[in-house]
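Engineer: Structure for this input, please:
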Amino acid sequence: MGPTSSQVRRTAASAHKTPLQTRRRDCNEPTAQESLTYRGRAARLRRYPSRGKTRSQGGMMRQPLRVAGALFVALALTVLAGASSASATTLETKGVAENAAITLRTSIASGGSFLETDTNNVSANTCTSSTIEGATSTFTGTAVGGPISALSWTNCTQGNPTVDAKGSFGIENIAGTTRGTVRWNGSDITTPSFFGNLTCSTSNTDIGTLNGVSSGTATLTINAVVPCTVIGSMKWSGTYTFTSPTNLGVGA
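Structural biologist: This is a model prediction of the structure:
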């Protein structure tokens, strides 16, 4: 028995179907139009990569900048606060602040000496007599000071130093104490030594500490490293007592 007419028609229709028509498209496979859309988007992302960032990604990238900006502002405020709260310095006598010029005179303590050595503590010169004098021209501020009017060293083992320029001094209070850091600026001293003549110069150099008192005699402890010719630098050390004024202190 041969095929029916309906079977013949189905066989003929199947024979004329293309592969695309007979293949069942997977539900995840993009259509031709979707493929064009994807390729176009990929091309735009390669050309303009920033357009591919989501809103959340952009926010994440900006967050470190916000944090850095906040830290910078906080640091600036801290520095300004520290500068504005820096204590002033005022010299005192008997614990009372002075608002006028004070002449300071100091000399090597009895039985003491002024030592000059290289940085390996090899002696360059030793003096048993020395005088330093100067008057304040500023009375209050971060530091008080003025020109050095007298500066000398005598009775020295290698010969007496020559003062080429006296320079100036400044005193700055050490917070919470009656002591102060002493600095010299613009002083030039040529000293004979075991190494030959050495010229030493100060430039806002910390030379030591004024040990103030409310009653009695203040002292100056010199402990400094000063740039010098020939050997590079020299160590100064010694203890001086203030002969004027008495009861000298450094207040804030």
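Engineer: E116 versus the nearest residue to T157 once chain neighbours are set aside, what's the distance?
Structural biologist: Nearest residue to T157 in three dimensions, chain neighbours excluded: T126, at 4.7 Å (C-beta to C-beta, 6 or more residues apart in numbering). Placement of C-beta: from N, CA and C, glycine included. Separation of T126 from E116 (C-beta to C-beta, to the nearest Å) stands at 7 Å.
Engineer: what's around G212, how many residues?
Structural biologist: The local packing of G212 (other C-beta atoms under 10 Å) involves 25 other residues.
Engineer: quick one, what contacts it?
Structural biologist: 92, 177-180, 218, 248-250 (C-beta atoms under 8 Å, 6 or more residues apart in numbering).
Engineer: Which of these ranks first by neighbour count?
Structural biologist: In the contacts of G212, the most neighbours by other C-beta under 10 Å go to G180, 28 neighbours.
Engineer: isn't that residue right up against T209?
Structural biologist: Yes. Judged on C-beta atoms under 8 Å, G180 makes contact with T209 at a distance of 7.0 Å.
Engineer: Doesn't T126 belong to a helix?
Structural biologist: No. Using DSSP: H, G, I helix; E, B strand; the rest coil, the assignment for T126 is strand, not a helix.
Engineer: Hmm, N155 and it touching each other?
Structural biologist: No. Judged on C-beta under 8 Å, T126 makes no contact with N155 at a distance of 9.1 Å.
Engineer: the more surrounded of the two?
Structural biologist: Counted by other C-beta under 10 Å, T126 and N155 do not tie: T126 has more neighbours, with 16 against 13.
Engineer: For that one, list each beta-bridge partner.
Structural biologist: T126 has the following beta-bridge partners by DSSP bridges: L115.
Engineer: Enumerate every residue touching it.
Structural biologist: 113-116, 156-158.
Engineer: need the helices for the chain, in chain order.
Structural biologist: Per DSSP state H, the chain carries helices over the ranges 5-15, 19-22, 32-47, 55-84.
Engineer: ranking those helices by mean pLDDT, which is last?
Structural biologist: Mean pLDDT per stretch puts helix 19-22 lowest among the helices of the chain, at a mean of 46.
Engineer: okay if I get the contacts of G212 as CSV plus distance to G196 and pLDDT?
Structural biologist: Supplementary listing: these in CSV, determined by distance: C-beta to C-beta, whole Å; pLDDT from 0 to 100:
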residue, distance to G196, pLDDT
E92, 43, 95
T177, 40, 94
T178, 41, 94
R179, 36, 97
G180, 35, 97
A218, 36, 97
L248, 38, 97
G249, 41, 96
V250, 38, 96
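Engineer: Serialize the residues you listed to JSON lines and add fields for distance to A135.
Structural biologist: JSON lines is the format used below for these (distance: C-beta to C-beta, whole Å):
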{"residue": "E92", "distance to A135": "16"}
{"residue": "T177", "distance to A135": "23"}
{"residue": "T178", "distance to A135": "20"}
{"residue": "R179", "distance to A135": "20"}
{"residue": "G180", "distance to A135": "16"}
{"residue": "A218", "distance to A135": "16"}
{"residue": "L248", "distance to A135": "13"}
{"residue": "G249", "distance to A135": "17"}
{"residue": "V250", "distance to A135": "16"}
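Engineer: Give me the below-cutoff pLDDT ranges for the chain.
Structural biologist: Scanning the chain for pLDDT under 70 picks out 1-86.
Engineer: Let me see the contact set for the nearest residue to K235 once chain neighbours are set aside.
Structural biologist: Leaving out its chain neighbours, the residue that sits closest to K235 by C-beta to C-beta, 6+ apart is T117, at 4.9 Å. Neighbouring residues of T117 by C-beta under 8 Å, 6+ apart: 123-124, 234-235, 237.
Engineer: Let me know the closest of these to G141.
Structural biologist: Closest to G141 out of those is S237 (28.5 Å), distances taken as C-beta to C-beta.
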